[in-house]
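Engineer: Sequence and predicted model, in that order:
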Amino acid sequence: MPKLTIDGVEVDAPDGATVLQACQLAGKEVPHFCFHERLSVAGNCRMCLVEMERAPKPIASCAMPAGEGMVITTDSDTVRQARRGVMEFLLINHPLDCPICDQGGECDLQDQAVAYGGDRTRYEENKRAVTDKSMGPLVNTVMTRCIHCTRCVRFTTEIAGVSEIGMLGRGEHAEISSYLERSLTSELSANIIDLCPVGALTSKPYAFAARPWELKKAESVDVLDAVGASIRVDARGASVLRVVPRLHENVNEEWISDKTRFACDGLRRQRLDQPYVRRGEKLEPATWDEAFGAIGERIAASDGKRIAAIAGDLCDGESMLALKDLMGKLGSPHLDCRQDGAKVDANVRASYLLNSSIAGLETADAVLLIGTDPRREAPLVNLRLRRAWLEGGAEIGVVGPARDLNYPVTALGAGTDTLTALKDGKIAFLETLKNAERPALILGMGALARSDGAAILAVAREIADLTGMISADWNGFNVLHTAAARVGGLDLGIVPGAGGKDVPSILDAATNGEMDIVYLLGADEIDMSRFGDAFVVYQGHHGDAGAHRADVILPGAAYTEKHGTYVNTEGRVQLGRPAVPPVGEAKEDWKILRALSDVLGHKLPYDTLGDVRSAMVAANPVFDEIDIVSKAEWAPFGTAGALGEAAFELPIDDFYLTDPISRASVTMAACSRELSGGTEKGTGTNG
């Protein structure tokens, strides 16, 4: 560790650190634009100039490795004059449009111009202008503001793995542009908005919507995939205006996917804001008492064995526990949280977790992907896999459809025959896994959400054991979920009880007239035509597929409107917090179930959020460990059996339209049309 003297204070810097990072460790503020700790060093902006003893002129601290015995001065007259000159150069062509710039109030250039710039310029020529570039429906460009820091170029190339932005021209004619003027195709593209230190790249959907000081901010967690990215929800009044990332090194670092960021406009559209009851062929507005009364009449006329419940992909743990307890009091064993029919073993936690952890995937040196497309199912997990290949040289093999994942993979085959051959040692990639120090496999819903999913799970476990994936400090067996509610539901036991039916069996029973009542808690990703004459209760926040089929609709709160507990695909328990109140007469979901239980004469034993969370901890102690990944015990799981002959099919066709919120989003519909070649699939209506 080199020892430096910075402004008279000795500092030990880590090996490989730059002078800028050493200054930061010493608590010294060094202004910069182009430097970012997750990107390669560019040394473009020169704003980070400092004095180094025996150097003939100020040095760019971001590009200078910290060395033993360096003596650095960060705030001398020479340094201040140099920074003032750099700022003068940066502002030569920068337009004076701060009052109309969306970056106003959050702009690094504004802040540093005030702190380090001068009060006048000597430049008297006309400012140059640069044509704005088209980067798609998400990123707005005002390229005259660009200071050529190249953060956007380095992010798309190095982190996202999509080389679609570069610097064209030289000198006065240099400009940042997307190649061929086409839209950015990365699922992480809008992170360049956060990276841009000026107003050159801003949010197109959020343009001119609000100023940052007008917004109320709430820390929450993303529920649109199973990664559980840490987010901040910014709202004004009762409307969510934007979602931005929060720093969480072990989950999302400081990135979020484009869907997480921009689907928030769907929170204002197609909402269920009051109860509805079907009278004849039409759903009509009703009071809560009328809706509860209609449900009570049907349940009183039915037997618990003919009542089923399905929990959807966006549900919080509190509502799923309340649903489970209510079904138990009604005598129904037919309960399931696996909308897609995934055959995972709820009795063994290691069988349904991403055991390596999201951050741990970076250290894997050989990875087998089975029936999964991490780029679209979990872009932030795919980012870690790309880093494992880019920095660690990991070899990655794919069983199933081979899509472009932004890093090279070895296509091994399409289906279960390949999996069997791999297990039997007939494919060389098995030796690659055996010879790796930290081998891993990732099992996706394309493999598990099949009738032979339990047998595939058993084969995957066998491969993990054969290749030494499980050791004292490493578990390379991973399941990648696509639903935010899935792991939490499995942890709470939202699966069929003794003699109970899972989702496919519930649908079969309803089709055959063997199920009288089906309770859908935010469940929209199933075939609603299979319910036959069953009485369907839909509790949710959007008028999507479930609401269309419902006989009674109970309006719930979206994830930005309630306190909620979610467990991500690696088993990390996280808390979501409300940013805005529920719309209209909508209520938090567990409160609806608690009120309904009173009407049904089966009162649930909790009255406050604290009571519900205590019941969750009693059901599974893991819910007492917030933001902690606990090691799951490795135990036998999976059911050996015959494997089907069909090739694996991936669960996500269109990344931008996977849930009721994104299907209600105008922005996501535009992305689907322009980037996925899809059509608007939103089916909801507000009654």
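Structural biologist: Sure, I can see it.

Engineer: Can you pull the phi and psi angles for the spatially closest residue to residue 298 that is not a sequence neighbour?
Structural biologist: Sequence neighbours aside, residue 535 is the residue nearest to residue 298 in space, at 4.8 Å (criterion: Cβ to Cβ, 6 or more residues apart in numbering). C-beta here means a position set from N, CA and C on the backbone, and glycine is covered the same way. In terms of degrees, to the nearest 10, the main-chain angles of residue 535 are phi -80, psi 120.

Engineer: Could you do residue 334 as well?
Structural biologist: As for residue 334, its main-chain torsions (degrees, to the nearest 10) stand at phi -90, psi 90.

Engineer: follow-up on the earlier one: residues contacting the residue nearest to residue 298?
Structural biologist: Each residue near residue 535 by Cβ atoms under 8 Å, 6 or more residues apart in numbering is listed here: 298, 516, 517, 518, 551, 552.

Engineer: Check for me that residue 326 belongs to a strand.
Structural biologist: No - applying DSSP: H, G, I helix; E, B strand; the rest coil, one finds residue 326 to be helix, outside a strand.

Engineer: and residue 521, bridged to which residues?
Structural biologist: Here residue 521 sits in beta bridges with residue 311, residue 539, going by DSSP bridges.

Engineer: any weak-confidence spans in the stretch 251-400 of the chain?
Structural biologist: Applying pLDDT under 70 to the stretch 251-400 of the chain flags no residue at all.

Engineer: Strands of that one, start to end?
Structural biologist: For the stretch 251-400 of the chain, the strands defined by DSSP state E, counting those that start in this stretch cover 276-279, 282-285, 307-311, 334-336, 366-370, 395-399.

Engineer: How many residues are close by residue 136?
Structural biologist: Here the number of neighbours of residue 136 (other Cβ atoms under 10 Å) works out to 21.

Engineer: just use 43 as the starting number from now, easier for me
Structural biologist: In the new numbering, first residue 43, that becomes residue 178.

Engineer: and the closest residue to it other than its chain neighbours, how many residues sit next to it?
Structural biologist: Using Cβ to Cβ, 6+ apart and skipping the chain neighbours, the partner closest in space to residue 178 is residue 225 (3.1 Å). Per other Cβ under 10 Å, the neighbour tally for residue 225 reads 16.

Engineer: Next: residue 348.
Structural biologist: Residue 348 is flanked by 18 other residues according to other Cβ under 10 Å.

Engineer: Kindly provide the distance from it to residue 373.
Structural biologist: Note on residue 348: its distance to residue 373, by Cβ to Cβ, to the nearest Å, is 10 Å.

Engineer: what about the helices in the stretch 193-342 of the chain?
Structural biologist: Applying DSSP state H, counting those that start in this stretch to the stretch 193-342 of the chain gives helices spanning 193-196, 233-237, 300-304, 330-342.

Engineer: And for the stretch 443-592 of the chain?
Structural biologist: 458-465, 471-477, 487-490, 495-508, 528-533, 545-553, 587-591.

Engineer: contacting residues around the third one?
Structural biologist: Under the criterion Cβ under 8 Å, 6+ apart, residues 382, 384-386, 412-415, 419, 441-443, 495, 498-499, 502, 521-524, 690-693 lie in contact with helix 487-490.

Engineer: do the first one as well
Structural biologist: When contacts are taken as Cβ under 8 Å, 6+ apart, the neighbours of helix 458-465 outside the stretch itself are 410, 412, 441, 454-455, 469, 471-472, 494, 498, 501-502, 504-505, 508, 685-688, 690.

Engineer: now those: which count as buried?
Structural biologist: 410, 412, 441, 454-455, 469, 471-472, 494, 498, 501-502, 505, 685, 690 (16 or more other Cβ atoms under 10 Å).

Engineer: returning to what we had before: so which of the helices of the stretch 443-592 of the chain gets nearest residue 607?
Structural biologist: Counting by Cβ to Cβ, residue 607 lies closest to helix 528-533 out of those; the figure is 6.8 Å.

Engineer: Give me the average confidence score over that closest one.
Structural biologist: pLDDT averaged over helix 528-533 equals 97, rounded to a whole number.

Engineer: and it, what other elements does it pack with?
Structural biologist: Where contact means 3 or more Cβ pairs under 8 Å, 6 or more residues apart in numbering; DSSP states H and E, helix 528-533 is packed against helix 359-372, strand 606-609.

Engineer: Now with 6 Å, please.
Structural biologist: Using 3 or more Cβ pairs under 6 Å, 6 or more residues apart in numbering; DSSP states H and E as the contact test, the elements touching helix 528-533 are strand 606-609.

Engineer: following the strand it packs on, which helix or strand shows up next?
Structural biologist: Taking DSSP states H and E as the definition, the helix or strand that follows strand 606-609 towards the C-terminus is strand 615-618.
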